[in-house]
Each structure stands twice: as C-alpha cells, then as structure tokens.
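Q: Sequence and predicted structure below; questions after.
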2 protein chains.
Amino acid sequence: MRTLIIISHPTMEESLNQQFFKEASSGLSVTWHHLESSYPDGKIDVKAELQLLAQHDRIIFQFPFYWYSSPAHLKIWQDNVLEQAAHVLEGKELGIVLTTGVAEKEYQAGGKEEYTISEFLRPYQRIANKFHMTYLPPFVLAQFMYLSQEKRWEKLIAYQQYLSLEGKPSLTQRIDWFIQRVQGNQKMQEEDSEKQTYIIEALTDAKEQIEDLTFTLQEMKGTSL
Amino acid sequence: MRTLIIISHPTMEESLNQQFFKEASSGLSVTWHHLESSYPDGKIDVKAELQLLAQHDRIIFQFPFYWYSSPAHLKIWQDNVLEQAAHVLEGKELGIVLTTGVAEKEYQAGGKEEYTISEFLRPYQRIANKFHMTYLPPFVLAQFMYLSQEKRWEKLIAYQQYLSLEGKPSLTQRIDWFIQRVQGNQKMQEEDSEKQTYIIEALTDAKEQIEDLTFTLQEMKGTSL
C-alpha cells in the first residue's frame, strides 16, 4: 500500500509535532508532500497533484487545527484539485492526521471546545463519501509537549500503523505488524537479540490468547442461537 | 446597527447570487468587503481588517459552499486576522450567508449531502462562541437559478432583514420593519399611493392580530398556572 501524506503547515520546520511525524514515517513506504513549501505562492499544479493522487492508495491530510479546520493552504489545494479528482480518488482511503494544543477531552458537549472532532471534520468525511472513499477514523495528536516519553512511543507506533496498515485493522493485525517490525529491526538484532526474542514471544502469546478468546466467544454465540 | 459583509468568492462579478445580494443590500447601512478583490495575492492587511471589524456591530461571512466550507480566501483571512481579533469581536454578532447549488433538503441524514448545514458550519459557530459573539442562524440561498420571481422577492426581503434587523427578530418586528420600508419608499408614494396604503393597512392589521393572539395565549397560560 502506498500512502500520500499531504501536509499543510505554514511553519512546518519549527513544528515539534511535524518533526515527530516525519521521523516516525521514515522507513515506511510513504510520500511526504508539504503544500506550503511546494507552492509558497498558492499556485497549485493541478496536473501534478492528480498524478500524485493516482500513484497512491491512501491519502492523508495532515495539519494542525487552525480555527477548527485545516490551514488555508490545504483549502487552496482542495478548491483547485478536488473538482477534477473524482476518477483518481474513487475507492481509495482518506485519513486525517490532526494536531491540537488542546486536550482531546475538551472536544465534546460541555467541554471547552463544545463540539467533537468528528463534527468539526464533517466536511472531510463528506468529501470522502462523495468520492466513494473509505474515511478512516482521524488520528489525533493532542498536546504533544505534555506527553510522557512512553505515551510518545505509543503515539509513534499508532501513527506508523495509521500510515501503513491496510484497512481498519484488528488488534491481532496490529500485533502482527509490530512483530514484523521488531523482527526487521537490524540494529536491535545485533545489540539486543535476547530482548527482541522476548518481545516477539510475549506479543505472539498475547496474539494467540486473543485469537483463542475470540474463537471461544464465537462458539458460545453459536450455541446460544 | 452597522453591518460588515465579508464576501469570499473567486469570481464574484459572474455570480448571480452575489449580484442579487449586492442589489438587495444597496440602500442599507452595510459595508461590502470582497476579499478576493481587496487581496488578490492573499496578503491580508491585518491592521485594516481589525479596524473594519471594530467599526461594525454585525459581522457576516458571505460565500458559496466550496467543499462544505468557505472558499480558501476566507480561510486565509481567518488564519491571519482572528488571532488578534478577540478584543474587537467580543459581544458582536456573527452571521453566515451561504449559497449552494444543491437543494436545502439534501443537507440532512439520508439526504444526498448527508449532514446538516449546521453541522458543516460548526467551525464558524465555535468561533462565534469562542469570541463571546452571538451566532445568528445561517441565511441559506439554495438553487437561486430555479427560484420563482415570487420566491426571489421573499429571499430578497429576508436577506435585507438578515443584514439590518437587530438581534433575532420576532415576526411582529419583521412586519414593523416591512411597514417602515414601504412607508419610506418614495417611488411608490408618487406612483401608487393607494396600493401602498392598502399594504400598510393589511400589515398593520396582521400585526395587531398577532399581538392580540399572543396576549390571549399568555393570559390563558397565566390562568392555568
């Protein structure tokens, strides 16, 4: 699967969030496409953009929340490209990677931001539906500055999976992905092979246990019907 | 009350909708401010914009629906101006005048556009709330091309009231506004004063009847309590 990450951020180089994403995505089969550096004057090369879309299966809009929407540059891109994009987008996936300086729990009725992120993102959801794309649940990175190192690692893995795992993956698929990543990590193999073996065994055990439980559950459901 | 109409439309001169609005607003105390002609290169004069906001009580964002949001130029304006606008916006009113080529009934669950216009406009609603502004119910002009002459007149009056009537007016306030407009129409006074008298009498009767009914209803409620 080829993933296109369309980033809109006026000062990407200074953004910790975007640096984090960039490092996390290195080594994955993704195309990193920053609109503000590609088109500083906002003149979009529509033909080039349509080609880029055609070459990828999963399209990601990645941006900080500016007034409950993307920065203006992504809207310029939308206004120029989408009208001609129906034939290249159909059947593909659309994901939103969103960063915000506000805690995620504030995005709900009664919270400081009042509405859910899903509600604010309705325009993107509708665009996905209009083009018969699969709309992926948004990936939200909130208050990165305040996250512990452990939480950052979790987010890093979740982001990598968001970019590279097919469809809407199950837990066991996500574990499989992780085992493969650990096995493929050459650096770890040399320096720390015992630890690596232990991680893979633990994950494989967990995965098998989940599969067993799922199977048992299905059996029980079958009996009661 | 001074109303500022901030229009975002890349080809305003060719837009029937915008011509209709422009003519309807002539003679009212409004400032017409078209972003694409004021800032063709997207470089916003933030200081001038803040002054303009300060000089008005009701702020209107007027635009065609482009991908379930405003055209990019209004987003450029938002990204540049809003961060510094808290002190000039507080306590004012925010209205949205929206045009769409799709029938209004398609904007609902099960309709072709799936979500309501209120949902698509959540970012603007939240902006109004954030700045402690009053958010006015959006004014929607859908499928202008297909409207009968009569419907267009209705829309014209509703638009004029949207721009110039204080707060969220009641029916009798809207009738009063109409009576004043008819009385103030010099052209009609000369040519057709009988007709004018008849219209004003009919409206005044209707208004008095509404007031009577409202009073009776309140009395009845008082009795039952």
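A: All right, it came through fine.

Q: what about A:Ile7, neighbour count?
A: 25 (other CB atoms under 10 Å in any protein chain shown). Placement of C-beta: from N, CA and C, glycine included.

Q: so it sits right up against A:Pro71, yeah?
A: No - with contact defined as CB atoms under 8 Å, A:Ile7 does not count as touching A:Pro71 (9.7 Å).

Q: Between these two, which contacts overlap?
A: Common neighbours of A:Ile7 and A:Pro71, counting by CB atoms under 8 Å, 6 or more residues apart in numbering or on different chains, are A:Phe63.

Q: Which of the residues in the longest helix belonging to chain A are classified as buried?
A: The longest helix of chain A (DSSP state H) is helix A:193-224. For helix A:193-224, the neighbour count (16 or more other CB atoms under 10 Å in any protein chain shown) marks A:Gln196, A:Ile199, A:Lys207 as buried.

Q: Check the residue nearest the centre of chain A and give its pLDDT.
A: Centroid check for chain A by CA atoms, centre = their mean gives A:Tyr162 as the closest residue, at 3.6 Å. Here, the pLDDT recorded for A:Tyr162 equals 96.

Q: just A:Glu191 next, same as before
A: 63.

Q: and if you look at the one 10 residues further on?
A: Note for A:Glu201: predicted pLDDT of 83.

Q: residues from chain A in reach of chain B?
A: By CB under 8 Å from any CB of the partner chain, the part of chain A that sits against chain B consists of A:10, A:41-42, A:66-72, A:75-76, A:78-79, A:82, A:113-115, A:119-120, A:122-123, A:125-127, A:129.

Q: Those residues in helices, which ones?
A: A:72, A:75-76, A:78-79, A:119-120, A:122-123, A:125-127, A:129.

Q: Now the buried members of the residues you listed.
A: A:Ala72, A:Lys75, A:Ile76, A:Gln78, A:Asp79, A:Glu119, A:Phe120, A:Arg122, A:Pro123, A:Gln125, A:Arg126, A:Ile127.

Q: Mind putting the residues you listed into TSV with distance to B:Ser148 and pLDDT?
A: TSV is the format used below for those (distance: CB to CB, whole Å; pLDDT from 0 to 100):
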residue	distance to B:Ser148	pLDDT
A:Ala72	38	98
A:Lys75	34	98
A:Ile76	37	98
A:Gln78	34	98
A:Asp79	31	98
A:Glu119	35	97
A:Phe120	37	98
A:Arg122	32	98
A:Pro123	31	98
A:Gln125	34	98
A:Arg126	30	98
A:Ile127	32	98
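
Q: Let me know the secondary structure of A:Gly111.
A: At A:Gly111 the chain is in coil, as set by DSSP: H, G, I helix; E, B strand; the rest coil.

Q: Please list all residues in contact with it.
A: Here A:Gly111 is in contact with A:Lys105 (CB under 8 Å, 6+ apart).

Q: how close does it sit to B:Gly184?
A: 48 Å (CB to CB, to the nearest Å).

Q: With A:Gln108 instead?
A: 49 Å.

Q: okay, the two: which has more neighbours?
A: A:Gln108 (14 against 10).

Q: Give me the spatial nearest neighbour of that one, chain neighbours excluded.
A: A:Thr116 (5.7 Å; CB to CB, 6 or more residues apart in numbering or on different chains).
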